[in-house]
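[1] Could you look at this predicted model? Sequence included:
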Amino acid sequence: MTQETIAKLLDTRGLGKPVSPAVSVSGGLMHRMFRAETAKGVYAVKCLNPEIMKRLGVMENYRRAEKLEQVLENAGIPLAPALALDGQKMQELDGEYFYVFRWQEGRITDWQNITAEQCRQAGNIQGRIHALQPAEKHMEPVMSDIDWHGYTEEANRQGSPVAELLRENEQLLYSAQEELNRARRALPDIVCITDEDMDPKNVMWHDGKPVVIDLECLDYGNPVSHALQLSLQWAGITTCSLEPEKMEAFFDGYLEAYDNGFRDYAGVLGLAYTWIDWLEYNITRALGKCRDESERETGISEVRNTISRIRYIRETEDRIRQQLIHLSEKN
């Protein structure tokens, strides 16, 4: 996205002309984010990934997330909502799509220095979200059916840097996929509003208080699945440095806000392997389905990182299971 595009977007939406060039800032691993300042204020401009926007049903998903974002805002959940400009949140300009936010003061916690108290607060927010509209309802789980061998062969044909890594871990990936699908089938019949992307990179802290950002993944889903996955991410699974007491702190905060009575998290531990879906997306980027070379390099890096996480989960399964059993007995 060019400086001219950002300037045109802000000006035509009534936010003023930039007083200085927009600055690229960290915007996650899928989209690109810029900080822009005008005479009227400071804004974060998110440029949505064009490859994501080509997906079937993506507009419907974003619209649903926007409506749910309003539900959360009305309920007092601490968040940074996208601005509604000209009556709508998603902005289209010259064939590209954007969200604009007021600049949020604060910072993302260093993944290596997340505190137990931050985990507790994050769990409490997720519990408050799950408590908004819970219902006993069966939601047919979506099964993963990824052709890992096919990706390995394509990586070999391209001479991709990820080819050997996929070949070495192919059996593990099929096994992880089986465990994930088995856990999905075992989920209880509960549906509620969920934010599966509320990991540490999507919570900013200002004066010790959390603010949730990047709410495009808001949807209806199973609270058990998301509570387990997020507890592991806040406890260090993303950096392969799990600290069980932080997972316990997350659940302490979560159950304080919402308790659906489910306790057999150890029985659905396979949900921890949801990382395989992120892995597949990054394999496609590493193999060239992306907008530019920079994104391809991101894909290659994330393939390596994600396989490391999956291997770490396999190595620490027993430890995680024992902690989840302890949590069930405690609560």
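    Right, received. Where do you want to start?
[2] dump the residue contacts of Val100.
    Val100 makes contact with 9-10, 13, 15, 43-46, 82-83, 85, 91, according to CB atoms under 8 Å, 6 or more residues apart in numbering. In short, each C-beta sits where N, CA and C put it, glycine included.
[3] which residues touch the helix or strand bottoming out on mean pLDDT in the chain?
    Using mean pLDDT, DSSP states H and E, helix 50-53 stands out as the lowest-scoring helix or strand of the chain, at a mean of 84. By CB under 8 Å, 6+ apart, the residues outside helix 50-53 that reach it are 30-31, 58, 96-97, 285, 289-291.
[4] Run through the residues that contact Ile108.
    26, 200-201, 203-205.
[5] Could you rerun that using 6 Å?
    Ile108 sits next to 201, 204 when contact means CB atoms under 6 Å, 6 or more residues apart in numbering.
[6] Tell me the bridge partners for it.
    Met204 (DSSP bridges).
[7] Can you give me the distance of Ala176 to Arg32?
    30 Å (CB to CB, to the nearest Å).
[8] next one: Lys137
    Distance from Lys137 to Arg32, by CB to CB: 37 Å.
[9] Between these two, tell me which one has more neighbours.
    The neighbour comparison of Lys137 against Arg32 (other CB atoms under 10 Å) goes to Arg32, with 18 against 11.
[10] circling back: inside strands: which ones of the contacts of helix 50-53?
    Among the contacts of helix 50-53, the members found in strands (DSSP state E) are 96-97.
[11] Just the buried ones from the contacts of helix 50-53, in PyMOL syntax?
    Selecting only the buried entries of the contacts of helix 50-53 in PyMOL, with 16 or more other CB atoms under 10 Å as the criterion:
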select buried, resi 30+31+97+285+290
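[12] Next step: the contacts of helix 50-53 restricted to helices.
    58, 285 (DSSP state H).
[13] Make JSON lines out of the contacts of helix 50-53 and add distance to Ala186 and pLDDT.
    Listed next are the contacts of helix 50-53 as JSON lines, based on distance: CB to CB, whole Å; pLDDT from 0 to 100:
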{"residue": "Met30", "distance to Ala186": "29", "pLDDT": "68"}
{"residue": "His31", "distance to Ala186": "33", "pLDDT": "78"}
{"residue": "Val58", "distance to Ala186": "29", "pLDDT": "92"}
{"residue": "Glu96", "distance to Ala186": "42", "pLDDT": "91"}
{"residue": "Tyr97", "distance to Ala186": "37", "pLDDT": "93"}
{"residue": "Arg285", "distance to Ala186": "31", "pLDDT": "94"}
{"residue": "Lys289", "distance to Ala186": "33", "pLDDT": "87"}
{"residue": "Cys290", "distance to Ala186": "35", "pLDDT": "83"}
{"residue": "Arg291", "distance to Ala186": "38", "pLDDT": "80"}
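[14] Lys246: which of the contacts of helix 50-53 is nearest?
    Among those, Met30 lies closest to Lys246 (CB to CB), at 25.5 Å.
[15] So, low pLDDT: which residues of the chain?
    For the chain, the stretches with pLDDT under 70 are 1, 27-30.
[16] Could you chop it up by domain?
    3-58+80-104, 111-330 (automatic domain parsing).
[17] Pick the most deeply packed of those.
    Of all the domains of the chain, domain 111-330 has the most neighbours on average by mean count of other CB atoms under 10 Å, namely a mean of 18.
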